[in-house]
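Trainee: predicted coordinates and the sequence they were generated for:
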Amino acid sequence: MVKNIPFTKMHGLGNCYIYIDLISRPLEMGTYAETAVKVADQNTGIGADGMILILPSNKADVFMRIFNKDGSEAKNCGNGLRCVAKYAFEHNLVKEQKFTIETLGGIVEAEIILAGQHVERVTIDMGAPILERKNIPMAGNPVGRPVIKESVFLEGKGYSVTAVSMGNPHALFFVDNIEEAPIHELGPILADTHPLFPEGVNVGFIEVLTDNTIEYRVWERGSGITQACGTGACAAVVAGILENRLKKDQNITVHLSGGDLDIIWSSDTEHVLMTGAATTICEGTFYL
Ligand SMILES: N[C@H](CCC[C@H](N)C(=O)O)C(=O)O
């Protein structure tokens with residue numbers, strides 16, 4: 001029996017997902033991973049980088065679950081959090097401009113920034129980055145230490161990598177020219193099945209432009225190259241600070257293919273704050 005599933009397609013700087021509100025309209029959808037693959041397909045589905053579910057939570061105001069294009073579930077999604085926040089506020093799932101969102105990677109705080117009555121931007125307090133090797137997770141030793149500018153040998157070439165988790169894993173490579181970043185060489189081999197990252201990894205490349213602006217590009221675990229990655233932008237700023245290329249407590253503008261994010265790593269709280277746009281593209285019904 002075909003099921004009609006209402007959805008909202010939204011994007012954060014071009015990183016688009018199919019959002020399904022299971023608070024306003026609880027419904028049985030079968031396996032989420034299979035549905036994510038189906039709706040994300042640009043030929044036989046709606047077309048997106050994945051699917052995001054908005055669910056009730058008993059720990060926060062709402063619960064976000066995020067599935068990549070390949071059906072794999074991630075523990076966090078920065079662009080998704082800003083869009084969930086916008087959706088929840090605009091659909092009266094929350095009453096205040098500040099509220100909490102549960103993710104599999106922990107609970108974050110969202111703050112809606114209004115322009116008149118319009119939700120223009122959203123700030124997410126992403127919490128503290130996770131730096132211990134074993135918690136990225138990344139293979140090798142010492143398990144209890146951060147991975148900063150570690151030499152790795154991949155596909156016959158030497159690279160220097162810093163690893164950061166924002167609830168989901170990121171491998172960060174600094175390059176002199178973002179246009180020449182080896183994204184097609186390293187993305188496919190590292191993102192999903194490399195033994196160095198037992199749960200896969202989002203592969204990010206950064207060019208530092210000034211002491212408060214960087215360019216960032218990404219090959220995402222489970223989705224490939226996307227226009228933007230919010231957790232990746234946060235991880236890139238953290239890696240830049242760990243490598244003494246950027247400074248804490250300073251707003252860093254991250255230029256992504258789809259637009260800019262403002263990121264600060266606060267030394268007071270050790271939390272990373274991410275601010276940026278969230279945009280609704282369309283609403284509709286798909287048939288499952
Ligand atoms: N591909 C990521 C999830 C989506 C993250 C990204 N789209 C963001 O905005 O943070 C992973 O498997 O960890």
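Mentor: Cool, the structure landed. Computed from a predicted model, the values in this text were never measured in an experiment.
Trainee: need the three-state assignment for N92.
Mentor: Assigned with DSSP: H, G, I helix; E, B strand; the rest coil, N92 falls in the coil class.
Trainee: wait, I107 touches I124, no?
Mentor: No. With contact defined as C-beta atoms under 8 Å, I107 does not count as touching I124 (11.3 Å). The C-beta positions use only the backbone N, C-alpha and C, and glycine is treated the same way.
Trainee: between these two, which one's more packed in?
Mentor: I124 (27 against 15; other C-beta atoms under 10 Å).
Trainee: check contacts around that one.
Mentor: Counting by C-beta atoms under 8 Å, 6 or more residues apart in numbering, I124 touches 78, 81-82, 85, 101, 108-111, 230, 273-275.
Trainee: near the ligand too, which of those?
Mentor: Among those, the residues within reach of the ligand (C-beta under 6 Å from any ligand atom) are G78, G230.
Trainee: quick one: which of the contacts of I124 has the most company?
Mentor: Top of the contacts of I124 by neighbour count (other C-beta under 10 Å): R82, with 31 neighbours.
Trainee: helix or strand for it, which one?
Mentor: Using DSSP states H and E, R82 sits in helix 78-90.
Trainee: contacts for whichever helix or strand comes after that helix, please.
Mentor: Downstream of helix 78-90, the next assigned helix or strand under DSSP H and E is strand 98-103. Applying C-beta under 8 Å, 6+ apart, the set of residues contacting strand 98-103 from outside is 57, 59-66, 75-77, 81, 84-85, 88-89, 107-112, 124, 167.
Trainee: again, only using 6 Å
Mentor: Residues from elsewhere that reach strand 98-103 (C-beta atoms under 6 Å, 6 or more residues apart in numbering): 57, 59-64, 76, 81, 84, 107-111.
Trainee: those residues in helices, which ones?
Mentor: L81, V84 (DSSP state H).
Trainee: and the spatially most central residue of the chain, backbone torsions?
Mentor: The residue lying closest to the centre of the chain (C-alpha atoms, centre = their mean) is C77, at 3.2 Å. In terms of degrees, to the nearest 10, the main-chain angles of C77 are phi -160, psi 110.
Trainee: spatially nearest residue to it, not counting backbone neighbours?
Mentor: Among residues not flanking C77 along the chain, I66 sits closest, at 4.1 Å (C-beta to C-beta, 6 or more residues apart in numbering).
Trainee: which SS class is that neighbour?
Mentor: Assignment for I66 (three-state DSSP): strand.
Trainee: that one against G78, yeah?
Mentor: No. Between I66 and G78 there is no contact under C-beta atoms under 6 Å: 10.1 Å.
Trainee: contact residues of the stretch 1-150 of the chain facing the ligand?
Mentor: N15, I66, N68, A74, C77, G78, N79, G80.
Trainee: just the buried ones from those residues?
Mentor: Buried members of these, scored by 16 or more other C-beta atoms under 10 Å, are N15, I66, N68, A74, C77, G78, N79, G80.
Trainee: hmm, which two among those are most spread apart?
Mentor: N68 and G78 (14.0 Å; C-beta to C-beta).
Trainee: just the pLDDT at I101, thanks.
Mentor: I101 is assigned 98 on the pLDDT scale.
Trainee: could you chop the chain up by domain?
Mentor: 4-127+277-287, 133-270 (automatic domain parsing).
Trainee: so which residues of the stretch 101-250 of the chain form helices?
Mentor: Assigned by DSSP state H, counting those that start in this stretch, the stretch 101-250 of the chain shows helices spanning 183-190, 230-242.
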